[in-house]
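Enquirer: pasting the sequence and the predicted coordinates here, then a few questions.
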Amino acid sequence: MMETQALHLLKAEGKEQRTGYISVASGKGGVGKTLITINMGRIISKNSGKVLIVDGDLGLSNVHIMLGITPPKNLYHYFVGEVPLEEVVVPIEENLAFISSGSGVKELVNLPASQLRNLIYRLQEYAETNYQWVLFDTPPGIHSDTTALVSSSHFPIIITTPEPTAIADAYGLIKVLNQEEKVKEFYLIVNKVQNQEEGLRVFESIRIVCEKFTSAEVKYLGSIKYNPKMIRSIVNQNPFEEGFTKELTNALLRLPLNIKPQATSFWERLISKLRRGS
Ligand SMILES: Nc1ncnc2c1ncn2[C@@H]1O[C@H](COP(=O)(O)OP(=O)(O)OP(=O)(O)O)[C@@H](O)[C@H]1O
Ligand SMILES: [Mg+2]
């Protein structure tokens, strides 16, 4: 399959690079972030290396519900020293695993600095020796924990639907990330569209306001059709469907999966932002 080959190529080019961090975010809730994160994880894991999905929804997670798994422990249990990190990781399929953050990341902020640094190094080392990609599913809106996570990532992916309220909130999120966190590049997916033209119109409307009122550059990854079959897939806790996979694969092919070297690591950026917010 041509699409698969293209994803392979991206991996080969990025061979020397470190782990890539992708976060999936939205202004409005219910636009498909969790479904897209899980499917994205699966697609990348089949083509471009090992993937860890982290529920960046500090406390209010639903990745595990969609997958029909109940993680016995989350990152919090690791932070308080109850279990080793390996025990928090839940395998989903070959090359694809999941960690529930629980309230874990938030707890980090209150730790003494030396302990914090040590934990971050271990988390970073674990992620970077075991996974090529870490994907964060986030809660909707502009909470400071979410903006910290999204702005620390290499690839902020914004999800919206064609609904005017979802579009307005997607713009609101981009504006905050751009003005307060200095994020310049965003990647947009328009979900639950009737057809591709509708997706393009939504992208254009967001691009125009962003160009006018912010310094954000929004890149269009593509759209995903409203797919009634998805409901059954989710009821069966097997949230994968051929049409959805195809559209999302096409969107991912437009993501430049090469990571530019940065002065600080994802984890260092995240922690300094979380600290500032607390
Ligand atoms: N392309 C689609 N076609 C049909 N239904 C969809 C599609 N994408 C998502 N859905 C449905 O929309 C609902 C919300 O999806 P999901 O839970 O992934 O959204 P979310 O953005 O993670 O929500 P929240 O903001 O509450 O975390 C689910 O019932 C899902 O099945
Ligand atoms: Mg969700």
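Expert: Received it, and whenever you're ready, just let me know what you need. Ligands and ions are numbered 1, 2, ... in the order given.
Enquirer: buried set for stretch 261-273?
Expert: Using 16 or more other CB atoms under 10 Å as the test for burial, stretch 261-273 gives 265-271, 273. C-beta: built from backbone N, CA, C; applies to glycine.
Enquirer: could you do stretch 138-147 as well?
Expert: 138-142, 145-147.
Enquirer: show the end-to-end separation of it, please.
Expert: One end of stretch 138-147 to the other measures 9 Å (CA to CA, to the nearest Å).
Enquirer: what's residue 188 in contact with, if anything?
Expert: By CB atoms under 8 Å, 6 or more residues apart in numbering, the contact set of residue 188 is 157-160, 170, 203, 206, 218-221.
Enquirer: residue 98 contacts residue 53, correct?
Expert: Yes: between residue 98 and residue 53 there is a contact at 4.7 Å, judged by CB atoms under 8 Å.
Enquirer: which bits of this protein sit near ligand 2?
Expert: In this structure, the chain approaches ligand 2 at residues 33-34, judged by CB under 5 Å from the ion.
Enquirer: strands of the chain, residue ranges please.
Expert: 20-25, 51-55, 89-93, 96-100, 133-137, 155-160, 185-193, 217-225 (DSSP state E).
Enquirer: make TSV out of the ones you listed and add mean pLDDT.
Expert: Output for the strands of the chain, formatted as TSV (pLDDT from 0 to 100):
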stretch	mean pLDDT
strand 20-25	95
strand 51-55	92
strand 89-93	91
strand 96-100	91
strand 133-137	94
strand 155-160	98
strand 185-193	98
strand 217-225	98
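Enquirer: any chance of these in TSV, plus distance to residue 64?
Expert: Below are the strands of the chain laid out as TSV (distance: least, CB to CB, whole Å):
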stretch	distance to residue 64
strand 20-25	16
strand 51-55	7
strand 89-93	8
strand 96-100	6
strand 133-137	11
strand 155-160	20
strand 185-193	21
strand 217-225	22
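Enquirer: what's the neighbour count on residue 196?
Expert: A count of nearby residues for residue 196, using other CB atoms under 10 Å, gives 14.
Enquirer: list the contacts of it.
Expert: So residue 196 contacts 222-223 (CB under 8 Å, 6+ apart).
Enquirer: the residue in the stretch 51-200 of the chain that ligand 1 sits nearest to - nearest residue in space that isn't next to it in sequence?
Expert: Across the stretch 51-200 of the chain, the shortest distance to ligand 1 (CB to the nearest ligand atom) belongs to residue 140, at 4.1 Å. Nearest non-adjacent residue to residue 140, counting by CB to CB, 6 or more residues apart in numbering: residue 29, 3.9 Å away.
Enquirer: next one: phi and psi at the one you found?
Expert: Backbone torsions for residue 29, taken as degrees, to the nearest 10, come to phi -80, psi 160.
Enquirer: so who does it touch?
Expert: Counting by CB under 8 Å, 6+ apart, residue 29 touches 139-141.
Enquirer: can you add distance to residue 46 and pLDDT and give those residues back as CSV?
Expert: Listed next are the contacts of residue 29 as CSV, based on distance: CB to CB, whole Å; pLDDT from 0 to 100:
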residue, distance to residue 46, pLDDT
139, 27, 89
140, 28, 92
141, 31, 91
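Enquirer: any idea which of those is closest to residue 22?
Expert: residue 139 (16.2 Å; CB to CB).
Enquirer: correct me, but the closest one touches residue 146?
Expert: Yes: here residue 139 reaches residue 146: they are 6.0 Å apart, a contact under CB under 8 Å.
Enquirer: and residue 98 and residue 53? which has more neighbours close in?
Expert: More crowded of residue 98 and residue 53, by other CB under 10 Å: residue 53, with 30 against 25.
Enquirer: hmm, that one is touching residue 97, no?
Expert: Yes: in this structure, residue 53 is within contact of residue 97 by CB under 8 Å, at 7.2 Å.
Enquirer: just give me the neighbour total for residue 130.
Expert: Residues contacting residue 130 under the criterion other CB under 10 Å number 15.
Enquirer: contacts only, for it.
Expert: Residue 130 sits in contact with 50, 52, where contact means CB under 8 Å, 6+ apart.
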